[in-house]
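Enquirer: heads up, no residue letters with this:
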Ligand SMILES: C[S@@+](CC[C@H](N)C(=O)[O-])C[C@H]1O[C@@H](n2cnc3c(N)ncnc32)[C@H](O)[C@@H]1O
């Protein structure tokens, strides 16, 4: 599979929303909602794919809005670092009670992981926990809300949980 939102491509011409716009399967979301929710806010959404009654779209820009309550976020994977940094800001502000972010589990070598996650995760007293999910999860996409067979990204996923 050829990368279409590689950091160099994104730096040159911006992200392709058609690549970023991947929808969490309902069973995964419901499982997370039972375990860590109920979620009040979907911080990265469109009118078609929002998973909570309250949500921010690209036009609202969830990166510049305050996040309140228990927050779900499956961010655009072309900008994981910005979303992880934003989650820390919201967590530190005390506005967010808990934040759960669905991220690719194959970016653990990148500088943002080592700045924002690795030093904090899973230690005693740390607010941050990483839950690695089994298997290769199929996402929905615009026009195909129920994931198509075989339409899987070439990486596993993890949940980053602030407020364990
Ligand atoms: C990976 S999809 C998530 C879809 C669904 N809400 C979910 O949780 O599975 C990311 C969504 O965030 C939207 N998005 C992109 N930039 C955004 C921004 N700055 N603020 C809020 N949403 C944004 C995209 O249009 C896309 O619909």
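Expert: Thanks, I have it. Not measured: the values here are computed from a predicted model. Numbering: from 1, shown residues only.

Enquirer: In contact with residue 74, which residues?
Expert: 22-24, 44, 101-102 (Cβ atoms under 8 Å, 6 or more residues apart in numbering). Just so you know, the C-beta spots here come from the backbone N, C-alpha and C atoms, and that holds for glycine as well.

Enquirer: With adjacent residues omitted, what lies nearest to residue 138?
Expert: residue 147 (3.4 Å; Cβ to Cβ, 6 or more residues apart in numbering).

Enquirer: Could you pull up the mean pLDDT of stretch 28-36?
Expert: For stretch 28-36, mean pLDDT rounds to 97.

Enquirer: Is there contact, residue-wise, from it to the ligand?
Expert: No. On the criterion Cβ under 6 Å from any ligand atom, stretch 28-36 is out of touch with the ligand, staying 7.0 Å away.

Enquirer: of the contacts of residue 74, closest to residue 95?
Expert: Residue 95 has its nearest neighbour among the contacts of residue 74 in residue 101, at 15.6 Å by Cβ to Cβ.

Enquirer: mean confidence for the longest helix seen in the chain?
Expert: For the chain, the helix that runs over the most residues, judged by DSSP state H, is helix 80-93. Mean per-residue pLDDT for helix 80-93: 96.

Enquirer: confidence score at the residue nearest to residue 128 when sequence neighbours are not counted?
Expert: Counting by Cβ to Cβ, 6+ apart, residue 128 lies nearest to residue 120, which is 4.5 Å off, once chain neighbours are set aside. With respect to pLDDT, residue 120 scores 93.
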